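Colleague: sequence? don't have it. structure:
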């Protein structure tokens, strides 16, 4: 086995050294570790790096070749058992997903409880599909489907006639559904929703002549019944709150009617759930008002179940924090980590090492998106892919856009050197020449790479904070790792590193390094058992003591047990803490610190209870912010007569329904940083799109909204239609007719665009192209 492994590695290194210009698709499929394209014009023709065999069929055939799956291609004699196992798992993964999908569909069908009934009658409109009566056997049925189950169906080739008829009828049914979807502007992906599939199953079981419910029934009785059903499905969340504690999150928002709305969400180990909302248009958002609102929610959830309150860093929230400490000193009040991280990156982005690069990148993207011709030209060279990528925050938009720019560097340079670019009248302007210089500048692209290297560790931290899981257990530990990664990114330059760290510490002081964060860091054996000096660090131990005294407030006996007995056993790995299984569990990829304590902390129940409730906490109130997107969809212009109670019921069903669906799914590949629209990326598309606004601490509204409501500046400036530029990843941009020079590229639909996975790239990136670039 060892000789086989050495042969495989030697062959791979020989092939890699001999083929300096190997080609592969721009794909993340694992088979490209062993394959290269033989011909750029034939992407399905691949060559094995291990044994040199050429074959057709692309990466699918390559997986069969490496894994030794017989039938389609010969086995690779140079592959190791580990490589064979990986390729076999990758080859069988689509079949596994297909079986899981079929199982899910069967479960959806089984969840429908409506009884089968037979209906009579006929409908002329649906006559093309068939009559409304159930199926009755006719003289042709004996040729279509055998009655005797002992006779194999495959002997009756006429079965295809029935299949064709059924397929045609099903297609006609689909046409009626499609017509409704098109007219009512229903998203196409709604067809994949499990609830819709259950509705189709229920409708099929009911039979013909089903009458839809009235509007009154939908918005009254059925709505209330669905709220109760959702509340029953959320029972596991209530049980989890009692067992492992929870966090209350609150935030304020202004809807399209200029109504000020405050909402409450609750986070536990199972995720974030929506509790309620409250219209606060007539009230001042003072510290006392927020405190009373939070106090009501604590009473509903239970004082013993609430561990912390999470809000943003506004001054009125900090005032409410002081009031809560007097009322319930055992409850923690922490600042939103997502909000703090955005402030940190904003501060770093203003440093002299990064600010000029970001400004140049924005000026370049704004110029390209400002003109139809340059925008169409860019999308031609990038194969209809935008360079600006919207995120959930302005920082996320900046990072994702810089990543997009560096990934499309070659395409942008090719565009700037094209005859169409030179012939465009807009590129001859001052801004056009500046954009051209930026695209061709080597220093600019080096600066973009540096920005990405520095921001990437912070993005990892932001993804952790913005996720729906318990992030308190790893937040402070990952923050320390982020600082180390930033030092490596600036190549250990003490001057650059100190400036960045100073900007970070200024914004995170008392927010991401609070005693609660540090205590969770020490209680997580992933960190404390890996570095025993943590138990002797004065700052860490002092923070742990402070948190312990607050958690067991006015309970001297519990404090004594935790600090003098349980903590000592945990520190010295006594009892269950010293088991071999306990040590090995820490190195598992799916390690969960709270679950670890629930298993190995049974001999220290007081410390176990404290550790489980702290390690299951969240660090961010972004769940409240995600809830606003539900509000926007529910409280749209088409439903502007929706009352508050009905709106809250709809939000409760939609938000918590998503939480239930997410809990049932095993995993999700969605990036939490990606935004649903371009609202947070406007400063990369439109010049002067928005500036940082101050918030009135009394009303909780921005001064621009107050200004608009009062009409203070309306009479002082000219009216101008403002528009928000949206991004189109697939749809071609239709430009206005204007006069251009003769140097234009035909951008008609006869151009065959390739997808991201169909591009061909060299495995060894040659940077020689930069030699001709401008400095």
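Modeller: Thanks, I have the structure now. All of these numbers come straight from a predicted model, not from anything done at the bench.

Colleague: Find the residue closest to residue 180 in space, skipping its chain neighbours.
Modeller: Using C-beta to C-beta, 6 or more residues apart in numbering and skipping residues adjacent in sequence, the residue nearest residue 180 is residue 186, 7.3 Å away. Where C-beta positions appear, they are placed from N, C-alpha and C, glycine not excepted.

Colleague: what do you get for residue 60?
Modeller: Nearest non-adjacent residue to residue 60, counting by C-beta to C-beta, 6+ apart: residue 91, 7.2 Å away.

Colleague: Run through the residues that contact that neighbour.
Modeller: Shown in contact with residue 91 (C-beta atoms under 8 Å, 6 or more residues apart in numbering): 60, 63, 64, 67, 69.

Colleague: check contacts around the fourth one.
Modeller: So the one you mean is residue 67. Residues in contact with residue 67 (C-beta under 8 Å, 6+ apart) are 79, 84, 85, 87, 88, 91.

Colleague: Spatially, what comes nearest to the third one if we skip its sequence neighbours?
Modeller: Which is residue 85. Once flanking residues are discounted, residue 85 sits nearest to residue 67: 7.8 Å by C-beta to C-beta, 6+ apart.

Colleague: do you know how far that neighbour is from residue 346?
Modeller: Residue 67 sits 49 Å away from residue 346, going by C-beta to C-beta, to the nearest Å.

Colleague: Ok, residue 613 next?
Modeller: Residue 613 is 33 Å from residue 346, by C-beta to C-beta.

Colleague: the more surrounded of these two?
Modeller: A direct count of neighbours by other C-beta atoms under 10 Å for residue 613 and residue 346 places residue 613 higher, at 21 against 16.

Colleague: Thought residue 242 was touching the more buried one, still the case?
Modeller: No: if you go by C-beta atoms under 8 Å, residue 613 and residue 242 don't touch, sitting 10.8 Å apart.

Colleague: on that earlier part again, tell me which element the residue nearest to residue 180 falls in.
Modeller: Using DSSP states H and E, residue 186 sits in no helix or strand.

Colleague: quick one: pLDDT of the residue nearest to residue 60?
Modeller: On pLDDT, residue 91 comes in at 90.

Colleague: what's the answer for residue 152, then?
Modeller: Per the predicted model, pLDDT is 46 at residue 152.

Colleague: got the residue ranges for the strands in the protein?
Modeller: Taking DSSP state E, the strands of the chain run over residues 23-25, 35-39, 42-48, 54-55, 246-254, 260-268, 271-279, 306-311, 332-335, 760-762.

Colleague: Adding mean neighbour count, mean pLDDT and distance to residue 519, write the ones you listed out as CSV.
Modeller: Output for these, formatted as CSV (neighbours: other C-beta atoms under 10 Å; pLDDT from 0 to 100; distance: least, C-beta to C-beta, whole Å):
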stretch, mean neighbour count, mean pLDDT, distance to residue 519
strand 23-25, 19, 64, 48
strand 35-39, 19, 86, 50
strand 42-48, 19, 86, 53
strand 54-55, 15, 90, 58
strand 246-254, 23, 87, 15
strand 260-268, 24, 89, 18
strand 271-279, 20, 88, 23
strand 306-311, 24, 94, 12
strand 332-335, 23, 92, 10
strand 760-762, 13, 42, 48
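
Colleague: Please identify which of these is closest to residue 321.
Modeller: Comparing the strands of the chain against residue 321 with C-beta to C-beta, the closest turns out to be strand 332-335 (4.0 Å).

Colleague: Against which helices or strands is the closest one packed?
Modeller: For strand 332-335, the packing partners by 3 or more C-beta pairs under 8 Å, 6 or more residues apart in numbering; DSSP states H and E come out as strand 306-311, helix 315-327, helix 515-523.

Colleague: Quick one: residues contacting residue 274.
Modeller: 263, 264, 265, 627, 630, 651, 652, 655, 656.

Colleague: cutoff 7 Å now
Modeller: 265, 627, 651, 652, 655, 656 (C-beta atoms under 7 Å, 6 or more residues apart in numbering).

Colleague: which residues does it form a beta bridge with?
Modeller: Per DSSP bridges, residues listed as beta-bridge partners of residue 274: residue 265.

Colleague: Okay, it and residue 194: tell me how far apart.
Modeller: 20 Å.

Colleague: From residue 658, how far out is residue 107?
Modeller: 18 Å.

Colleague: More neighbours: the two, which one.
Modeller: Higher neighbour count among residue 107 and residue 658: residue 658, with 16 against 12, using other C-beta under 10 Å.

Colleague: nearest spatial neighbour of residue 597, skipping sequence neighbours?
Modeller: Excluding the flanking residues, the one nearest residue 597 by C-beta to C-beta, 6+ apart is residue 611, at 4.5 Å.

Colleague: Would you mind measuring from the one you found to residue 522?
Modeller: Remark: distance between residue 611 and residue 522 (C-beta to C-beta) = 10 Å.

Colleague: Which of the two has more residues huddled nearby?
Modeller: A count of neighbours by other C-beta under 10 Å puts residue 611 above the other of residue 611 and residue 522, at 27 against 23.

Colleague: where's that one relative to residue 468, distance?
Modeller: For residue 611, the distance to residue 468 (C-beta to C-beta) stands at 21 Å.

Colleague: repeat for residue 623
Modeller: Distance from residue 623 to residue 468, counting by C-beta to C-beta: 7 Å.

Colleague: Residue 75 now?
Modeller: Counting by C-beta to C-beta, the gap from residue 75 to residue 468 is 44 Å.

Colleague: what does residue 543 give?
Modeller: Separation of residue 543 from residue 468 (C-beta to C-beta): 26 Å.

Colleague: quick revisit: can you turn the buried part of the contacts of residue 67 into a ChimeraX selection?
Modeller: Buried subset of those, written as a ChimeraX selection, criterion 16 or more other C-beta atoms under 10 Å:
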select :79,84,87,88,91
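
Colleague: Among the contacts of residue 67, which lie within helices?
Modeller: Mapping the contacts of residue 67 onto helices (DSSP state H) picks out 84, 85, 87, 88, 91.

Colleague: Report how many residues lie close to residue 511.
Modeller: For residue 511, the neighbour count with other C-beta under 10 Å is 19.
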